[in-house]
Structures are given as structure tokens and as C-alpha cells.
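>>> model the following, please.
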Amino acid sequence: MSYQVYKMLHIVSIVIFFSCFYASIQSNFSMKLKKILMGVMSLIILVAGMGLIARLGIPHGEPWPLWLKAKLGIWAVVVIGAPVVNKRFSVHAHKYFWVCTVLLVVASYMANYKI
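All right, here's what the predicted structure looks like:
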């Protein structure tokens, strides 16, 4: 697939993931479809991101640049933390959503400017 296809898949899946996360915060009842969709979208985010890495020409086996390691760390914090905070610490879920939004902006900045 081309770079543009991977990029669109990556961005659209991030938007759907954050939409499902916010919808799960807003609703008072547990909906299985939202959880499944969040899990599938997090996998697509990872796969499309790895496709983007390949299309950027970062060689396999070489150490990754710092911006890429930071983006993967941010992805892990958001994807692992979202369901945990939503289920165990639902009182703080709104705050965590806004923290994740700031992390999304930081990750986008790093990806665009390759810091």
C-alpha cells in the first residue's frame, strides 16, 4: 500500500478510537461494541503506524529515532490506559481524556516535524 493509504488509515482509526473513548466516558452503561471497536482501532493504529515506518524508509534492525519511540510510548499510554481508567477510575475519566488529547497533539507534532 502507498504512504497516503497508511496515513489515512492511521488518522481515521485514531479519530474513531478517540470517539469511542469519549462515548464510553459519556454513557453510564457498559457497551460491549464500543470496547471491541476501541480494541480493533488500537490494533489498526499500530499496524498503519508500522506501515508508515516502512514507507518512510526507516531500515529494519536499525535503532528507531527518538520521535518514533516517543510516539510508540504515547500510543501505549493512551491505548492501555483508556479502558483501565474508564473501568477502574471512572471519576477521573474526563481528565484522562483531556490528558490523552494533549498527548495526541504532542504525538502529531513529533510525527510532522520529526523531532
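
>>> CA only for contacts and neighbour counts going forward, please
Fine.

>>> what's the helix or strand for the most centrally placed residue in the chain?
The residue lying closest to the centre of the chain (C-alpha atoms, centre = their mean) is residue 75, at 4.6 Å. Assessed by DSSP states H and E, residue 75 sits inside helix 66-88.

>>> buried stuff in that helix?
Of all the residues in helix 66-88, those buried under the rule 16 or more other C-alpha atoms under 10 Å are 67-68, 70-71, 74-75, 78-79, 81-83, 85-86.

>>> again with stretch 12-20
Quick answer for stretch 12-20 (16+ other C-alpha under 10 Å): 13-14, 17-18, 20.

>>> taking the residues you listed one by one, which sit in helices?
Among the buried residues of stretch 12-20, the residues falling in helices (DSSP state H) are 13-14, 17-18, 20.

>>> can you list the residues you listed in CSV and add distance to residue 60?
Output for those, formatted as CSV (distance: C-alpha to C-alpha, whole Å):
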residue, distance to residue 60
13, 25
14, 25
17, 28
18, 30
20, 33
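
>>> quick one: least confident of those?
The lowest pLDDT within those belongs to residue 20, which sits at 91.

>>> cool, thanks, signing off.
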